[in-house]
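1. Could you work out the structure for the sequence below:
(one chain, ligands or ions: 1)
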Amino acid sequence: MYVGRFLVIGSETGAYRVSSRSFPNRKIIERDDRLTVVPTDAADETDNPYVSYNCVRPVDDRVVVGNGSHTDPIAEKLALGYPARDALALSLLALDFEKDDYDTPRIAGIVGPESFIGTVRRDGLVVEEVTEPTLVATYEKDSPESTEIAIESAAGAARAVYDADFEHAVCAAGVARTGDGFETAIENGD
Ligand SMILES: NC(=O)c1ncn([C@@H]2O[C@H](COP(=O)(O)O)[C@@H](O)[C@H]2O)c1NC=O
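-> Below is the predicted model:
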């Protein structure tokens, strides 16, 4: 099954996987405190926000995970003091689903003292608190659902979503709460 990009959010950990048919030559890199999806070859650097974007951004004791440029305003709203639910809902609705051939949904999550998951599709907006590992994807599994995918550490979460049985894995990131912040991990399949 092809579900496109997906994320899994739990109460202490989270993970994001890029799966792609159209832009498979991509990887995740660490830049300052954030993780960014970029083309594998630097010569292919692009300003297409559906191809290259920040997918993980920590903000104090919370971390944002997302499949596009909405990761940034969600993080900025958290830094301003917005509750996680409001930062997600406002940013997802403001940017809305992607204006591509598939009306690709935006998906995002926040891991923190309270963890949330959300998506905005052409037909709706869902933002809800997470109490058990919960998955949402751009296609097929486009409403949050509980998942058996085990996300037990940053590296374990990145590996687990990378290896999950959905087609066209490209790269993945994992995040895990630590005493005073977050650790992150990258799985580029190399
Ligand atoms: N975030 C991403 O990494 C990403 N990769 C591809 N897309 C969008 O989804 C469309 C379909 O891509 P694909 O066939 O690779 O699943 C692309 O035309 C592009 O508009 C993306 N947008 C949202 O998921």
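2. Tell me where the protein has helices.
-> Residue ranges of the helices in the chain, as given by DSSP state H, are 71-80, 84-95, 154-163.
3. most neighbours per residue, which of these?
-> Ranked by mean neighbour count under mean count of other CB atoms under 10 Å, the helices of the chain are led by helix 154-163, which reaches a mean of 22. All C-beta spots, glycine's among them, are computed from the backbone N, C-alpha and C.
4. so what secondary structure elements neighbour that one?
-> Applying 3 or more CB pairs under 8 Å, 6 or more residues apart in numbering; DSSP states H and E, one finds that helix 154-163 contacts strand 6-9, strand 13-19, strand 169-177, strand 182-187.
5. How about the residues of the protein by the ligand?
-> Residues of the chain lying near the ligand by CB under 6 Å from any ligand atom: 4-5, 18, 20-23, 37, 50, 67-68, 98, 100, 102, 104, 138.
6. Make TSV from the helices of the chain and add mean pLDDT to it.
-> Listed next are these as TSV, based on pLDDT from 0 to 100:
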stretch	mean pLDDT
helix 71-80	98
helix 84-95	98
helix 154-163	98
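7. Same list, the helices and strands packed on helix 154-163, but as CSV with mean pLDDT please.
-> Formatted as CSV, the helices and strands packed on helix 154-163 follow (pLDDT from 0 to 100):
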stretch, mean pLDDT
strand 6-9, 98
strand 13-19, 98
strand 169-177, 97
strand 182-187, 97
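8. possible to save those strands as JSON lines with mean neighbour count and distance to D163?
-> Output for those, formatted as JSON lines (neighbours: other CB atoms under 10 Å; distance: least, CB to CB, whole Å):
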{"stretch": "strand 6-9", "mean neighbour count": "28", "distance to D163": "12"}
{"stretch": "strand 13-19", "mean neighbour count": "29", "distance to D163": "9"}
{"stretch": "strand 169-177", "mean neighbour count": "25", "distance to D163": "8"}
{"stretch": "strand 182-187", "mean neighbour count": "20", "distance to D163": "9"}
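9. With distance to R121 added, can I get those strands in CSV?
-> Listed next are these as CSV, based on distance: least, CB to CB, whole Å:
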stretch, distance to R121
strand 6-9, 14
strand 13-19, 18
strand 169-177, 22
strand 182-187, 27
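10. Understood, closing this out.
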